[in-house]
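Participant: Take a look and give me a structure for this.
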Amino acid sequence: MSDNTRRRHRADPADLFQSLESRIHLAYSSSFTAQFAGGGNFDPAAVTTDQLGNVYVMGHFNGVVDFNPARSKILNRDSALGSIFVAKFSSIGQLFWAGQFGKFDTVANSMAVDADGSVYVGGAFTGATDFDPDPNLTSNLTPAGGADAFLLKITTTGQLAWANKVGGTANESVAGVTVDGPGYAYLAGTSAGGTKTAFLSKFSAKGKSIAADTFGNGSANTDLTAITADASGNVYLAGSVSAGGVDLDPSPTAAHALAAAGRLIFKLTPDNAYAWADPFAASGIDFTRLATDGAANLYAAGKYSGAADFNPSSRKAYAITSAGGTDAFVLNLTSGGSFAFARSIGSAGNETADELAVDPARGDLLVTGRFQGKTYFNPGFSAYRLYSAGGDDAFLARYSSAGVFQEAAQFGNADNDGAAHLAVGTTSSVFLAGSLSGSLAIDFDPGPVRHRLANSNPGDTDGYFVKLLLA
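Facilitator: Coordinates of the predicted model:
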């Protein structure tokens, strides 16, 4: 397996960069808000940061969109049918560059940045595609089947370094992209051709294939949904198997299979050897994101329904029952795969935790997602709750490294609002990116001062990019 445009109001980060008074119950304050508008649609799919504090936003757009949030400057990109975009900003929202890659049927859903500031973007594509935005250069990939997975490396100045594909005659989808401490890039996903088989591909910084592993037995569906790596080069994967007997060991001479169907998290060493696998029997658990901290502790986020046991040990259970349809959760496992804690976010409606990140300055865990109605973020005697403004609202919650609830904020209006993509900066700052649709404004400052953004044309979709400070 192997660019005429309609001008629209935009917030200037230089005008908005200030510390604002915080709400009594919240330590978040807005540092800047920025809006991306034009004559088309803008839909961020990921945001991340590098070691110097720069911020990267990746997603999809069509039509003409101005990527420069400063009022006095314009940087239009034009894609009639649609393209992937990647944009790089300073920590105060000043645009460095913005590039477009691929074509309308190219879908990217994951991004990572290495220690040098190079960007890796993963997704799926159909049809022959030139991924190089330079008109004088080409980087053509052609899928072997209906859809293949791709991995792009983009330089610190926004140029394409290389493009690789992974796929066969089946359809490939991507669960995530990550980069480990030594600088290797990983692309993980699922190949669906009758029975689902999971795949994991490892590449060097120069794009050379280092390893290509598959997980499946030909009869049981094996699906990957999340990936992360730590500073030492260990890789962690989350997903599900529809039956027992799926070998999770990349070695051709050894086998480590789960005994039964269910959700799972497993770890591979820097040498691509099997380390451990944790089974979660409850079929109602869905893992959406993984993250590690400086001590290689592993955090997972997602949603669950019904009664779910979050302790993978067969000797002791840690069961939580959802309050409604689906509740959000955060889970902590040690570097050896042992259970540490699990926390639930729930209401009588439906909640999900879509993204999480670890604050490198304090070790706190940040999580974003969606909630409905009256939702409890710290169930128990001192329960902390938020009320959605309409259907779905977005939330940002913070927990200590020991799982102690710290605070939560909401972003929403009377419409249904999607969850924000999340990244944590180097100085206890949080970056959110997402889409604005409909006609109602959203206040992105959790404190008493308002920083409101609204979609500039209900017929289009604008994007937002927000920085929050943690007290």
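Participant: Lys316 in helix, strand or coil?
Facilitator: Here Lys316 takes the coil state, with states given by DSSP: H, G, I helix; E, B strand; the rest coil.
Participant: roughly how far apart are it and Phe287?
Facilitator: 21 Å (CB to CB, to the nearest Å). The C-beta positions use only the backbone N, C-alpha and C, and glycine is treated the same way.
Participant: So the two - more neighbours on which side?
Facilitator: Phe287 (25 against 8; other CB atoms under 10 Å).
Participant: got the contact list for stretch 135-150?
Facilitator: 106, 122-132, 160, 162-174, 187, 189, 193, 199, 201 (CB atoms under 8 Å, 6 or more residues apart in numbering).
Participant: Buried only: go through these for me.
Facilitator: Burial by neighbour count, 16 or more other CB atoms under 10 Å: within the contacts of stretch 135-150 this picks out 106, 122-126, 129-132, 160, 162-168, 170-174, 187, 189, 199, 201.
Participant: Those in strands, which ones?
Facilitator: 122-125, 129-130, 160, 162-166, 171-174, 187, 189, 199, 201 (DSSP state E).
Participant: Bridge partners for Lys467, pull those for me.
Facilitator: Phe32, Phe431 (DSSP bridges).
Participant: Show me the shaky parts of the stretch 151-300 of the chain.
Facilitator: The stretch 151-300 of the chain contains residues with pLDDT under 70 at 282-283.
Participant: any chance you could map the helices in it?
Facilitator: For the stretch 151-300 of the chain, applying DSSP state H, counting those that start in this stretch gives no helices.
Participant: where along it do the strands fall?
Facilitator: Taking DSSP state E, counting those that start in this stretch as the test, the strands found in the stretch 151-300 of the chain are 160-166, 171-179, 185-193, 195-203, 209-215, 222-229, 235-241, 262-268, 274-280, 286-292, 298-304.
Participant: Could you do the stretch 351-471 of the chain as well?
Facilitator: Taking DSSP E, counting those that start in this stretch to define them, one finds strands in the stretch 351-471 of the chain at 352-358, 365-376, 385-399, 405-411, 421-424, 429-436, 442-443, 452-453, 462-470.
Participant: just checking, what packs against the third one?
Facilitator: In this case it means strand 385-399. On a contact count with 3 or more CB pairs under 8 Å, 6 or more residues apart in numbering; DSSP states H and E, strand 385-399 meets strand 339-345, strand 365-376, strand 405-411, strand 429-436.
Participant: Repeat that for the fifth one.
Facilitator: Applying 3+ CB pairs under 8 Å, 6+ apart, one finds that strand 421-424 makes contact with strand 41-49, strand 352-358, strand 365-376, strand 429-436.
Participant: and with 10 Å instead?
Facilitator: Under the contact definition 3 or more CB pairs under 10 Å, 6 or more residues apart in numbering; DSSP states H and E, strand 421-424 sits against strand 41-49, strand 55-66, strand 107-113, strand 286-292, strand 352-358, strand 365-376, strand 429-436, strand 462-470.
Participant: I'd say Ser204 and Ala185 touch.
Facilitator: Yes - the pair Ser204 / Ala185 is scored as a contact, 7.9 Å apart, by CB atoms under 10 Å.
Participant: which of the two has more neighbours?
Facilitator: Neighbour tally, Ser204 and Ala185, criterion other CB under 10 Å: the higher count belongs to Ala185, 24 against 12.
Participant: give me the beta-bridge partners of Asn164?
Facilitator: Under DSSP bridges, the beta-bridge partners of Asn164 are Leu151.
Participant: how about low-confidence regions in the stretch 1-150 of the chain?
Facilitator: Along the stretch 1-150 of the chain, the parts satisfying pLDDT under 70 run over 1-40, 69-81.
Participant: How much space separates Ser219 from Ala212?
Facilitator: 22 Å.
Participant: ugh, wrong one, Leu268
Facilitator: Using CB to CB, Leu268 is found at 13 Å from Ala212.
Participant: Can you lay out the helices and strands packed on strand 385-399 as JSON lines showing mean neighbour count, distance to Pro458 and mean pLDDT?
Facilitator: Listed next are the helices and strands packed on strand 385-399 as JSON lines, based on neighbours: other CB atoms under 10 Å; distance: least, CB to CB, whole Å; pLDDT from 0 to 100:
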{"stretch": "strand 339-345", "mean neighbour count": "20", "distance to Pro458": "31", "mean pLDDT": "96"}
{"stretch": "strand 365-376", "mean neighbour count": "24", "distance to Pro458": "21", "mean pLDDT": "93"}
{"stretch": "strand 405-411", "mean neighbour count": "21", "distance to Pro458": "19", "mean pLDDT": "90"}
{"stretch": "strand 429-436", "mean neighbour count": "24", "distance to Pro458": "10", "mean pLDDT": "87"}
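Participant: Can you lay out those as JSON lines showing distance to Ala275?
Facilitator: Conversion of those to JSON lines gives the following (distance: least, CB to CB, whole Å):
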{"stretch": "strand 339-345", "distance to Ala275": "16"}
{"stretch": "strand 365-376", "distance to Ala275": "23"}
{"stretch": "strand 405-411", "distance to Ala275": "31"}
{"stretch": "strand 429-436", "distance to Ala275": "31"}
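Participant: Now do Thr427: how many residues are near it, please.
Facilitator: Residues near Thr427, counting by other CB under 10 Å: 12.
Participant: Grab the nearest non-local neighbour of it.
Facilitator: Among residues not flanking Thr427 along the chain, Ala361 sits closest, at 6.6 Å (CB to CB, 6 or more residues apart in numbering).
Participant: what residues are up against the one you found?
Facilitator: Contact analysis of Ala361 by CB atoms under 10 Å, 6 or more residues apart in numbering lists 424-429, 470.
Participant: Count the neighbours of the closest residue to Ser305 other than its chain neighbours for me.
Facilitator: Spatially, and ignoring its direct neighbours in sequence, Ser305 is nearest to Gly284 (3.9 Å; CB to CB, 6+ apart). Neighbours of Gly284 under the rule other CB under 10 Å: 15.
Participant: Equivalent analysis for Ala275, please.
Facilitator: The local packing of Ala275 (other CB under 10 Å) involves 18 other residues.
Participant: give me every residue that touches it.
Facilitator: 234-236, 248-249, 256, 266-269, 335-337.
Participant: and the two most separated of those residues?
Facilitator: When CB to CB is used, the two most widely separated members of the contacts of Ala275 are Asp249 and Ser335, lying 18.9 Å apart.
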